[in-house]
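**Q** quick one, structure for this:
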Amino acid sequence: MATPMTADQFVKALEAEGLTISEHAGWRTHNRNGVGAWGPVNGVVIHHTAGSNSLELVYAGRSDLPGPLCHSHLAKNGTVTMVGNGRANHAGSFAANAFNAMVTESSTHPRPDSAEPVDANSRTYGLEIENLGNGTDPYPAAQYDAAVRWAAAVCRFHGWSADSVIGHAEGTRRKVDPSFSMSTFRADVAKRLKPPTTPGTATKTTSTSTGKPKPVQYAPFPGAAYFKKNPRSALITAMGRRLVAEGCGKYKSGPGPQWTEVDRLSYAAWQRKRGFSGTSADGWPGAQTWAALRVPKA
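**A** Model prediction:
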């Protein structure tokens, strides 16, 4: 379970993923928090609008379903418009088996049970993609790519895998959206989430007896106190290389293996990139930013 992003963190996470962002007037305080909980959050739900020119609809809602009806609206040209910050009327109730598969990041997403005891509006982020949903209305490449980036941005911030992303129809039998393959979509999000490599920092993969590469394993957070002991280890080198790959490295040489003030300054840059400020961006690693950094096991 995770604490929801603030409005600033949300925008910065999307911009860091290369998205074009528009902010609807009033979106930062537009939510349904007054009627129910918002958070902790566990995943991402993808929708299609089943209509056109639907931006104002998803912001304001309907007489029987007040807005916001999602957190972000995605236009055909790939522009993401922020419409809500907090609880949104986008998912409704979910089946427990479907919700639990998302929470545990299962690679199998089962057909949802008929009973729907979970309040998914309080636990998930929602994206509404402008599309008629009739099977013939296309998703332009720019729009589909933006949807992948949007989902990846949320997952990257929270340290989730692509299996934290589900379609609305995967959470409830009441819905059919979105009108594309969620298995393919999750695979594309997973590709997007793979750690980038820079010259000299690529990590070799080993093969199993079947010839398939072993999945990358990430180092668990060693605790904040670990870094204040001025450690010397391969983990510090691996962390520094990830900071360099994220454009946050302040190193003139290295990085690693000894934790230094330059490591702290580099990590502070990473914290600021994730939307933190003040004492929350002091350069001492925390569990949330560590999970998002995805440091491979040394």
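
**Q** show me what contacts residue 127?
**A** 44, 45, 46, 47, 70, 71, 72, 73, 74, 147, 150, 151 (Cβ atoms under 8 Å, 6 or more residues apart in numbering). In short, each C-beta sits where N, CA and C put it, glycine included.

**Q** with residue 16 instead?
**A** 153, 273.

**Q** same deal with the one 4 residues further on?
**A** Neighbour list for residue 20: 78, 79, 80, 146 [criterion: Cβ under 8 Å, 6+ apart].

**Q** and if we set it to 6 Å?
**A** residue 79 (Cβ atoms under 6 Å, 6 or more residues apart in numbering).

**Q** how far away is it from residue 138?
**A** Using Cβ to Cβ, to the nearest Å, residue 20 is found at 20 Å from residue 138.

**Q** may I see the buried residues of stretch 38-49?
**A** 38, 41, 42, 43, 44, 45, 46, 47, 48, 49 (16 or more other Cβ atoms under 10 Å).

**Q** now it: how far from the chain's centre is it?
**A** A distance of 10 Å separates the centroid of the chain from that of stretch 38-49, by Cα atoms, centre = their mean, to the nearest Å.

**Q** so what touches it?
**A** Under Cβ under 6 Å, 6+ apart, the answer for stretch 38-49 is 1-2, 4, 86-87, 91, 102-103, 122-131, 133, 151, 154, 164-165, 167-168, 177-179.

**Q** which of those residues count as buried?
**A** Here, 16+ other Cβ under 10 Å leaves 2, 4, 86-87, 91, 102-103, 122-131, 133, 151, 154, 164-165, 167-168, 177-179 buried among these.

**Q** could you work out the end-to-end span of stretch 14-25 for me?
**A** 18 Å (Cα to Cα, to the nearest Å).

**Q** can you tell me which of the buried residues of stretch 38-49 is closest to residue 247?
**A** Nearest to residue 247, judged by Cβ to Cβ, of the buried residues of stretch 38-49 is residue 44 at 24.5 Å.

**Q** what helix or strand is residue 169 on?
**A** Using DSSP states H and E, residue 169 sits within helix 168-171.

**Q** next helix or strand past that helix?
**A** helix 182-193.

**Q** CA atoms of the next helix or strand after that next one as CSV?
**A** Remark: after helix 182-193, the chain's next helix or strand is helix 224-228, criterion DSSP H and E. What follows is helix 224-228, C-alpha atoms only, in CSV (Å, rounded to 0.1, in the frame of the first residue of the first chain):
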residue,chain,number,x,y,z
ALA,A,224,18.1,4.9,6.2
ALA,A,225,20.7,4.2,8.9
TYR,A,226,22.8,2.1,6.5
PHE,A,227,23.9,5.1,4.5
LYS,A,228,24.7,7.2,7.6
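
**Q** tell me the helix or strand right after helix 224-228.
**A** Criterion used, DSSP H and E; the element after helix 224-228 is helix 234-245.

**Q** show residues contacting the helix or strand following that next one.
**A** The element immediately downstream of helix 234-245 (helix or strand, assigned by DSSP H and E) is helix 261-273. With contacts defined as Cβ under 6 Å, 6+ apart, helix 261-273 is touched by 243, 248, 249, 250, 251, 281, 283, 285, 289.
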